[in-house]
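Participant: sharing a model that was predicted from the sequence below.
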Amino acid sequence: MIENVDWQASLIVRAQREQLSSIIHQTEEVWKKVNPGHSFEYSLMDNDFEKVYLTEQRMEKIFVIFTGLAIAIAAIGLFGLSAYAAEQRTREMAVRKILGASVSNLFNLLSLSFIKLLAVAIIIALPLSWLAMERWLSGFAFRTTMPVWIFFSAAALILIVGGVTITLQTAKAAWRNPADTLRSD
């Protein structure tokens, strides 16, 4: 018997699922003999644990939704920024292409600055996310740590999404005909 803070007696019984109904019935009979003045109420520990972690499950869903939105907004912003940078440098790229620059040279010229920005963002985000996860996980009874591979896979995902976004605009600008670009300017 375990006494709760609100002075109601509680009993925790371990049972197999198949025997659950008979054990509940037997426990209720014993309870009525021992505590005739108190009503018999029971709950399953699985249900109690579900109630405890319900807020965590809700937070997980909200976190996943807002993370997806943040990644989409960041990708759209990066796409717009790379499109703007490519548009601003079209004349320079046309002259470089006429003077013999290859598509890979033009690609490196445009995309290297964005790759550096992504690297700086990852360097800042990794320690902050590790600290946030450690702080959140420290609140649980059964302590666990985050594996390092999760952080590196997140960094790789950021580089892939950013790289694809930048590549789309850079390739479009690098493959443009320089004569058309210079003629319109």
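Facilitator: Sure thing, it's come through. Everything numeric here is computed off the predicted structure, so don't read it as measured data.
Participant: pLDDT wise, what is V5 at?
Facilitator: V5 carries a pLDDT value of 50.
Participant: can you check W149 too?
Facilitator: On the pLDDT scale, W149 is placed at 92.
Participant: what residues of the helix or strand encompassing it count as buried?
Facilitator: Element membership for W149, per DSSP states H and E: helix 148-174. By neighbour count with 16 or more other CB atoms under 10 Å, helix 148-174 contains the buried residues 151, 155, 158, 161-163, 165-167, 169-171, 173-174. All C-beta spots, glycine's among them, are computed from the backbone N, C-alpha and C.
Participant: ok, those residues vs P36, which is closest?
Facilitator: F151 (58.7 Å; CB to CB).
Participant: quick check: that closest one vs E134, distance?
Facilitator: Noted for F151: a distance of 12 Å to E134, by CB to CB, to the nearest Å.
Participant: now do stretch 162-179: everything it contacts.
Facilitator: With contact meaning CB atoms under 8 Å, 6 or more residues apart in numbering, stretch 162-179 is reached by 75, 78-79, 82-83, 85-87, 89-90, 93-95, 97-98, 103, 106-107, 110-111, 114-115, 118.
Participant: which element is the residue with the largest distance to the centre of the chain on?
Facilitator: Largest separation from the mean C-alpha position in the chain: K33, at 53.3 Å (CA atoms, centre = their mean). K33 is part of helix 20-34 when elements are defined by DSSP H and E.
Participant: buried sites along that helix?
Facilitator: Neighbour counts over helix 20-34 (16+ other CB under 10 Å) mark W31 as buried.
Participant: low-confidence ranges, this protein, go.
Facilitator: By pLDDT under 70, the low-scoring segments of the chain are 1-9, 184-185.
Participant: can you rerun that using 90?
Facilitator: For the chain, the stretches with pLDDT under 90 are 1-57, 59-60, 67, 71-72, 74-75, 78-118, 133-147, 154, 157-159, 161-185.
Participant: show me the domain layout of it.
Facilitator: 2-34, 53-184 (automatic domain parsing).
Participant: okay, those domains, which one's buried deepest?
Facilitator: Scoring those by mean neighbour count under mean count of other CB atoms under 10 Å gives domain 53-184 as the most buried, with a mean of 13.
Participant: moving C-terminal of the longest helix along the chain, what's the next helix or strand?
Facilitator: Using DSSP state H to define each element, the chain has its longest helix at helix 45-88. Using DSSP H and E, the helix or strand that follows helix 45-88 in sequence is helix 90-98.
Participant: what angle do that following helix and helix 45-88 make?
Facilitator: Put simply, helix 90-98 runs at 70 degrees to helix 45-88, going by axes from the mean of the first three to the mean of the last three CA atoms, to 10 degrees.
Participant: check which helices and strands helix 90-98 sits against.
Facilitator: If you count contacts as 3 or more CB pairs under 8 Å, 6 or more residues apart in numbering; DSSP states H and E, helix 90-98 packs onto helix 103-137, helix 148-174, helix 178-184.
Participant: kind regards, and thank you for your time.
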